[in-house]
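Asks: sequence and predicted structure are below.
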Number of protein chains: 2
Amino acid sequence: MMRHRRLDLRHGRVDLSHGAGGRASAHLVDDIFLPAFDNPALARGDDQGAFDPPPGRLVLSTDSYVVSPLFFPGGDIGSLAVHGTINDIAMSGARPLHLAAAYIIEEGFPFADLARIAHSMGQAAKDAAVTIITGDTKVVERGKGDGLFITTTGVGVLAPGLDLSASHARPGDAVILSGNIGDHGIAIMSTRQNLGFATDLKSDSAALHTLVATMVRTAGPSLHVMRDPTRGGLASSLNEIAQTSKVGFRLDEKAIRVRPEVAAACELLGLDPLYVANEGKLVAIVAPEAADALISAMKAHPLGREANRIGFVTEDTEHFVQVATSFGGNRMVDWLAGEQLPRIC
Amino acid sequence: MMRHRRLDLRHGRVDLSHGAGGRASAHLVDDIFLPAFDNPALARGDDQGAFDPPPGRLVLSTDSYVVSPLFFPGGDIGSLAVHGTINDIAMSGARPLHLAAAYIIEEGFPFADLARIAHSMGQAAKDAAVTIITGDTKVVERGKGDGLFITTTGVGVLAPGLDLSASHARPGDAVILSGNIGDHGIAIMSTRQNLGFATDLKSDSAALHTLVATMVRTAGPSLHVMRDPTRGGLASSLNEIAQTSKVGFRLDEKAIRVRPEVAAACELLGLDPLYVANEGKLVAIVAPEAADALISAMKAHPLGREANRIGFVTEDTEHFVQVATSFGGNRMVDWLAGEQLPRIC
């Protein structure tokens, strides 16, 4: 019943036995996941993690991560899977508490990459003060997956009195964006397309919950909607909110910040930065009287230094998102049609 | 901003746009998932589901489901993904409350199959009185997945005073099995291998939480460990408990029930039923004085009618699982070595 013959983390690879629930599965957990996610709940070796929730309404959010490539400038699938789900929790105004992590691994995947990703995931969780209290590992045959998919699910707790929702935008509300857009999507594209000029560009992947905590303290129930514009970018998030809240948006293009490298890459690739994914930015729809104080508070946080008012909510039975362009014109920004950047998150 | 052009659920197929976060993604959610999972939390259209937890310690559990084939006698990946995660929650003694569901879909997957699976998932959740309050959908390119993978994550609440864990088995404890073993694994194998004689065999896939509630009411803190012997079967579950609790097991082979069709299929395929997966059975390790009353209570529940004492926990520094055979001999049952039945769950 020897359980501790160590895996060859340098040269070994995942095979089907590591997903079969026997000794090899236990080795994988013991040698890769337990050290990386280090916490007492996980170390109990049970099929579930237990925790005592603080008082309050809880939120649950899940996301599968299928990003390709698995390693990219500014992060990897592990850190992304932590940041992304923390952000989905945080967009309700909640404080993230715990995560669950489920791995679907393709046969032949190197232990070294798995350990590197698990380590990055554990580090991202530690930096964000959340714990990965439970997990699962499955292995699929070669050719039936694509290296690694990770699904993370988070649980968080809401402060009393908060009720943010995509349906709560009201005409006259201010639209505030936490920073420049498009970095994540273009960083991923730069690795796929070898964009030489974009080599300094990194994903903005970051956990936004401490920025959100600052915003909640400052604006409280004046916060009506928050979204992290990931897949489909800012344009898709705002269209979704417009549809759900039955309102329109009017944005000022000059106020929406885009790095010059991102703008250049978008021009080359024929992309509109408004549709490009972000992983460390948020858009907040707030009561107009709360906007100035909120922006000041955001600017005092490292992840909100470039916070900016980019527009306002309109009464619009067509639910249009309109952008006043730098040239004095006006363009409609529709939902993303079709797929623009597959496997971005 | 038309959002409600209906999908062609009969002939249509998933393409990459359905995972891109734009209008096509919204269509997929509106036309397939919302009707199937029907509940107000999900209908809000937010990236997270909120709930007010009942008082008590909570548990979180996650599992990815990669079963192949997706449809099998007695269930499909959708019902399995609900039952399996409910069972992981229930094995802690907790009452399951809510689920999150994350779909990784391969490009080209038929809408009709997706709708059928989502419906089956919604029905399984409804039957078990849990709600799927949040979800996610990703699409990967053709050849980078295998039709559909589903990850479900559940949250549940523990009754006060319970602390079940794989580390809590004590020498002298009784080992109780809720029914016959091997049905799920052999049902899956029968579809892959065209085992004619096993055509009547169905997966035992079922949600065990109401059986567990009965057991908790009857035995309370006398329940030391519960496990649902899925991948790796009963042998792997008991080896894992032996290792974690630093004990051994002595089982009576005659007391472990195996259907004749399952026994026949195992003989043909060279499998030991002790290693074959179950999806609707549990093994409980309980204080010996509580065993008789517990078995009576289990037998009164539809999912525990065949409950049986199959052995006891021993003091054993080697952590061996030993089985007294029908022939009066004694065999050691080691951890599952290698993979026996890939993609069983």
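Replies: Structure's in. What do you need?

Asks: which positions in the stretch 101-250 of chain A make contact with chain B?
Replies: A:101-104, A:133-136, A:138-141, A:143-146, A:149, A:151, A:153, A:155-156, A:158, A:164-167, A:227-228, A:230-232, A:236, A:239-240, A:242-244 (Cβ under 8 Å from any Cβ of the partner chain). Where you see a C-beta, it was placed from the backbone N, CA and C, and this is true even at glycine.

Asks: which of those residues are buried?
Replies: A:101-104, A:133-136, A:138-141, A:144-146, A:149, A:151, A:153, A:155-156, A:158, A:164-167, A:227-228, A:230-232, A:236, A:239-240, A:242-244 (16 or more other Cβ atoms under 10 Å in any protein chain shown).

Asks: could you list the low-pLDDT ranges of chain A?
Replies: A:1-5, A:196-199, A:338-340 (pLDDT under 70).

Asks: what's the longest helix in it?
Replies: helix A:111-127 (DSSP state H).

Asks: state the next helix or strand along the chain beyond that one.
Replies: Of the helices and strands lying after helix A:111-127 in sequence (DSSP states H and E), the nearest is strand A:131-140.

Asks: check the offset of that next one from the chain's centre.
Replies: 19 Å (Cα atoms, centre = their mean, to the nearest Å).

Asks: ok and it relative to helix A:111-127, angle-wise?
Replies: If you take axes from the mean of the first three to the mean of the last three Cα atoms, to 10 degrees, strand A:131-140 sits at 160 degrees to helix A:111-127.

Asks: send over the very next helix or strand once past strand A:131-140 as PDB, restricted to the C-alpha atoms.
Replies: As assigned by DSSP H and E, the chain's next helix or strand after strand A:131-140 is strand A:148-157. Provided in PDB are the C-alpha atoms of strand A:148-157 (Å, rounded to 0.1, in the frame of the first residue of the first chain):
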ATOM      1  CA  LEU A 148      -5.800  20.900 -20.300                       C
ATOM      2  CA  PHE A 149      -9.200  22.500 -19.500                       C
ATOM      3  CA  ILE A 150      -9.800  23.800 -16.000                       C
ATOM      4  CA  THR A 151     -13.200  24.600 -14.500                       C
ATOM      5  CA  THR A 152     -13.200  26.700 -11.300                       C
ATOM      6  CA  THR A 153     -16.300  27.500  -9.200                       C
ATOM      7  CA  GLY A 154     -16.300  30.100  -6.500                       C
ATOM      8  CA  VAL A 155     -18.400  30.900  -3.600                       C
ATOM      9  CA  GLY A 156     -18.500  34.400  -2.100                       C
ATOM     10  CA  VAL A 157     -20.500  36.500   0.400                       C
END
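
Asks: what are the pairing partners of the following helix or strand past strand A:148-157, and which direction each?
Replies: Once the chain leaves strand A:148-157, the next helix or strand it forms, by DSSP H and E, is strand A:174-177. Neighbouring strands of strand A:174-177 in its sheet, by DSSP bridges, are strand A:283-286 (antiparallel), strand A:308-314 (antiparallel).

Asks: out of these, which is closest to A:I295?
Replies: strand A:308-314 (6.4 Å; Cβ to Cβ).

Asks: from the rest of the structure, what touches the closest one?
Replies: A:169-177, A:245, A:247-252, A:255-257, A:283, A:285, A:288, A:291, A:295, A:322-323 (Cβ atoms under 8 Å, 6 or more residues apart in numbering or on different chains).

Asks: which residues in the stretch 1-150 of chain A form helices?
Replies: If DSSP state H, counting those that start in this stretch is used as the criterion, the helices of the stretch 1-150 of chain A fall at A:23-28, A:34-37, A:40-43, A:77-90, A:111-127.

Asks: quick revisit: out of the contacts of strand A:308-314, which are buried?
Replies: Of the contacts of strand A:308-314, these count as buried by 16+ other Cβ under 10 Å: A:169, A:173-177, A:245, A:247-252, A:256-257, A:283, A:285, A:291, A:295, A:322-323.

Asks: and the longest strand belonging to chain A with helix A:77-90, angle?
Replies: In chain A, taking DSSP state E as the definition, the longest strand is strand A:95-106. Strand A:95-106 runs at 140 degrees relative to helix A:77-90, counting by the same axes, to 10 degrees.

Asks: what strands line up against strand A:95-106, and which way round?
Replies: Strand A:95-106 is paired, per DSSP bridges, with strand A:131-140 (parallel), strand A:148-157 (antiparallel).

Asks: domains in chain A, by residue range?
Replies: A:16-158, A:174-332 (automatic domain parsing).

Asks: most tightly surrounded among those domains?
Replies: Comparing those by mean neighbour count (mean count of other Cβ atoms under 10 Å in any protein chain shown), domain A:16-158 ranks first with a mean of 23.

Asks: just the terminal-to-terminal distance for it.
Replies: End-to-end distance of domain A:16-158: 41 Å, with Cα to Cα, to the nearest Å as the criterion.

Asks: what does stretch A:221-239 give?
Replies: 23 Å.

Asks: so for B:V59, which of the helices of the stretch 1-150 of chain A sits nearest?
Replies: Short answer: helix A:40-43, nearest of these by Cβ to Cβ, at 9.6 Å.

Asks: which strands and helices lie in contact with the closest one?
Replies: Applying 3 or more Cβ pairs under 8 Å, 6 or more residues apart in numbering or on different chains; DSSP states H and E, we find helix A:40-43 packed against strand A:49-51, strand A:131-140.

Asks: phi first, then psi, for the closest residue to A:L336 other than its chain neighbours.
Replies: Leaving aside its sequence neighbours, A:L336 sits nearest to B:G22 (Cβ to Cβ, 6 or more residues apart in numbering or on different chains; 2.9 Å). Note on B:G22: its backbone torsions stand at phi -100, psi -150 [degrees, to the nearest 10].

Asks: mind checking how far B:G22 is from A:V333?
Replies: According to Cβ to Cβ, to the nearest Å, B:G22 and A:V333 sit 12 Å apart.

Asks: any idea what A:G248 is bridged to?
Replies: Beta-bridge partners, per DSSP bridges, of A:G248: A:T314.

Asks: A:A81 versus that one, what's the distance?
Replies: 34 Å.

Asks: likewise A:V276?
Replies: For A:V276 relative to A:A81 (Cβ to Cβ), the value is 20 Å.

Asks: do A:L162 as well
Replies: Counting by Cβ to Cβ - A:L162 and A:A81 are separated by 25 Å.

Asks: swap in A:V321?
Replies: 29 Å.

Asks: what does A:A337 give?
Replies: Look at A:A337 and A:A81: by Cβ to Cβ, they are 28 Å apart.

Asks: check A:D146 too.
Replies: Applying Cβ to Cβ to A:D146 and A:A81 gives a distance of 15 Å.

Asks: again with A:R142
Replies: Distance from A:R142 to A:A81, by Cβ to Cβ: 23 Å.

Asks: just A:S64 next, same as before
Replies: A:S64 is 9 Å from A:A81, by Cβ to Cβ.

Asks: mind listing the shared neighbours of these two?
Replies: Common neighbours of A:S64 and A:A81 (Cβ under 8 Å, 6+ apart) are A:I150, A:T151.
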